[in-house]
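**Student:** how does the following fold in three dimensions:
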Amino acid sequence: MDAQAVTVLLAQCRAGDKGAWDALVDAYWQRLYGFAWQSTKNRDLAHDLVQETFLRVVQKLERYDHRDKFDAWLFRILVNLIRDHSRSRVRRPVRSTVIDTSTGAEMTDDMAARTGQPSDPIDHQEEVQSLYAALEQLPEIDRQVLLLRHYGEMPFKDIAKMLHCPLGTVLARAHRALGKLRITMEVDHEAK
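**Tutor:** Presented below is the predicted three-dimensional model:
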């Protein structure tokens, strides 16, 4: 969505136009959700974080500075929510566990994120799992750069501004992270 269309839509949102809010959510939901899911590997948590992002937009829309890019502002809110959630999990980890006593198997909430859809071809599912594992090995900031670029569809200069890093640093992190992913994926592929 171009900057002028966003400005018009935000003005309509400020005026209380429910249709404008729906259009805003429709325009950004998938990109935000894709980033949140890749960052958390938990569909329900990703959904909650995106909802919380839009709630914060509603609460802070009057203070939004139109000189900033709206996309970058949205993703900055989401990145901060993900970071806050990660910090709170480190301080007090919470895992819901269901134990099936008949088989002795234990299933946890994060297992859903590790499994694909039943209709996924096995080979594709294995490649996706390898990619997720390789992404998890990257430093958090490098992973964020790649996810913002791929799922957020953000230009590198906006990522640099959002992460408060020089553009050259962001480009170097992306290049280095892609190289690490390539090596990890090749080694994993050769091992199979």
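**Student:** from R143, how far off is the residue sitting nearest the centre point of the chain?
**Tutor:** When C-alpha atoms, centre = their mean is applied to the chain, the residue found nearest the centroid is F35 (2.0 Å). F35 sits 11 Å away from R143, going by C-beta to C-beta, to the nearest Å. Placement of C-beta: from N, CA and C, glycine included.
**Student:** L178 now?
**Tutor:** Relative to R143, and taking C-beta to C-beta, L178 is found at 11 Å.
**Student:** who has more neighbours, these two?
**Tutor:** Neighbours were tallied for L178 and for R143 using other C-beta atoms under 10 Å; the higher tally belongs to R143 (19 against 15).
**Student:** domain parsing for the protein?
**Tutor:** Structural domains annotated on the chain: 1-92, 119-192, as defined by automatic domain parsing.
**Student:** how many residues are close by L49?
**Tutor:** 24.
**Student:** secondary structure element for it?
**Tutor:** helix 43-60 (DSSP states H and E).
**Student:** what's the angle from the next helix or strand after that helix to helix 43-60?
**Tutor:** Later in the chain than helix 43-60, the nearest helix or strand by DSSP H and E is helix 70-91. Per axes from the mean of the first three to the mean of the last three C-alpha atoms, to 10 degrees, the angle that helix 70-91 makes with helix 43-60 is 120 degrees.
**Student:** go through helix 70-91 and flag the buried ones.
**Tutor:** 70-79, 81-82, 85 (16 or more other C-beta atoms under 10 Å).
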